[in-house]
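Enquirer: Sequence unavailable; structure follows:
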């Protein structure tokens, strides 16, 4: 019997984690708390037209993370067809947390710091602490995920 | 297989062409979206997604890449005939 491994869970876990993490960002920060929108730094949503323009770009972002989620599900299905997968729930959650953390880091660095199209909390004089906290949350999630996967791999 | 998913992705992105804001503000909303910054904004907004897609595909197909390279390159790094 072939040795079973958790590595086939990596791609689906990371993509699902990134996709669902993107949804959490969009639903919680863009829609419920309304801390920011996709282009709220370059086009503040302080009138109806600019709010609708921001809503469009929020939609494009959601469409993108939806595609990530779908592809993650496809890869998960394909992993299900393999006989050499060690189906560890902890490892899969670890990969998802790592994916979410990486997404926060990548999206945070590109959108908040390099392109500066929006910041985590727009409606404050000092936006940097919130942006840094967001990056730190990404690092924390990545480390947590990595630790979970490593523990399962070693056990 | 790629062709099947390509059509689905095109269908989803096709929605980005139309914006049905209220009739009063539609012209202003559309001019706020479809302007000289449109391509730049699409690129920046979808860049994290593209990075993750590339990374995920790379991880998913990493075993196939390893088999391919091992098959075509011998131990000394020279190409096999």
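Expert: Yes, it's here. Bear in mind that the values here come from a model prediction, so they are computed numbers and not experimental data.
Enquirer: Determine how far the biggest helix by length in chain A lies from the middle of the whole chain.
Expert: Counting by DSSP state H, the longest helix found in chain A is helix A:48-80. Here helix A:48-80 is found 11 Å from its chain centre; the criterion is Cα atoms, centre = their mean, to the nearest Å.
Enquirer: cool, stretch A:118-134 as well?
Expert: 18 Å.
Enquirer: ok so, going back, now do the buried residues in the longest helix of chain A.
Expert: Neighbour counts over helix A:48-80 (16 or more other Cβ atoms under 10 Å in any protein chain shown) mark A:49-72, A:74-76, A:79 as buried. For every residue, glycine as well, the C-beta is placed using N, CA and C.
Enquirer: do whichever strand or helix holds residue B:45 and chain A meet at all?
Expert: If you go by DSSP states H and E, residue B:45 is part of helix B:38-60. Yes. Contact of helix B:38-60 with chain A (Cβ under 8 Å from any Cβ of the partner chain) involves B:41-42, B:44-49, B:51-53, B:55-57, B:59-60.
Enquirer: Report the buried members of those residues.
Expert: B:41, B:44-49, B:51-53, B:55-56, B:59-60.
Enquirer: before we move on, the earlier item: the helix or strand following the helix holding residue B:45 versus helix B:38-60: what angle between them?
Expert: Using DSSP H and E, the helix or strand that follows helix B:38-60 in sequence is helix B:62-72. With axes from the mean of the first three to the mean of the last three Cα atoms, to 10 degrees defining the directions, helix B:62-72 sits at 70 degrees from helix B:38-60.
Enquirer: How about the residues of chain A by chain B?
Expert: Residues of chain A lying near chain B (Cβ under 8 Å from any Cβ): A:10-12, A:14-15, A:18, A:22, A:38-39, A:43, A:48-50, A:52-53, A:56-57, A:59-61, A:63-68, A:71-72, A:75, A:99, A:102-103, A:106-107, A:110-111, A:115, A:117.
Enquirer: 7 Å instead, please
Expert: A:10-11, A:14-15, A:18, A:38-39, A:48-50, A:52-53, A:56-57, A:60-61, A:63-65, A:67-68, A:71, A:75, A:103, A:106-107, A:110, A:115, A:117 (Cβ under 7 Å from any Cβ of the partner chain).
Enquirer: ok, residue A:11 - contacts?
Expert: Contact analysis of residue A:11 by Cβ atoms under 7 Å, 6 or more residues apart in numbering or on different chains lists A:75, B:56, B:59, B:60.
Enquirer: go with 10 Å
Expert: A:71-72, A:74-76, A:78-79, A:95, A:99, B:55-62 (Cβ atoms under 10 Å, 6 or more residues apart in numbering or on different chains).
Enquirer: go on, residue A:129?
Expert: Per Cβ under 10 Å, 6+ apart, neighbours of residue A:129: A:120, A:121.
Enquirer: name the helices or strands packed onto the helix or strand in which residue A:103 is found?
Expert: Using DSSP H and E, residue A:103 sits in helix A:89-107. Where contact means 3 or more Cβ pairs under 10 Å, 6 or more residues apart in numbering or on different chains; DSSP states H and E, helix A:89-107 is packed against helix A:10-24, helix A:48-80, helix A:128-154, helix B:38-60.
Enquirer: cutoff 8 Å now
Expert: In this structure, helix A:89-107 makes packing contacts with helix A:10-24, helix A:128-154, helix B:38-60, judged by 3 or more Cβ pairs under 8 Å, 6 or more residues apart in numbering or on different chains; DSSP states H and E.
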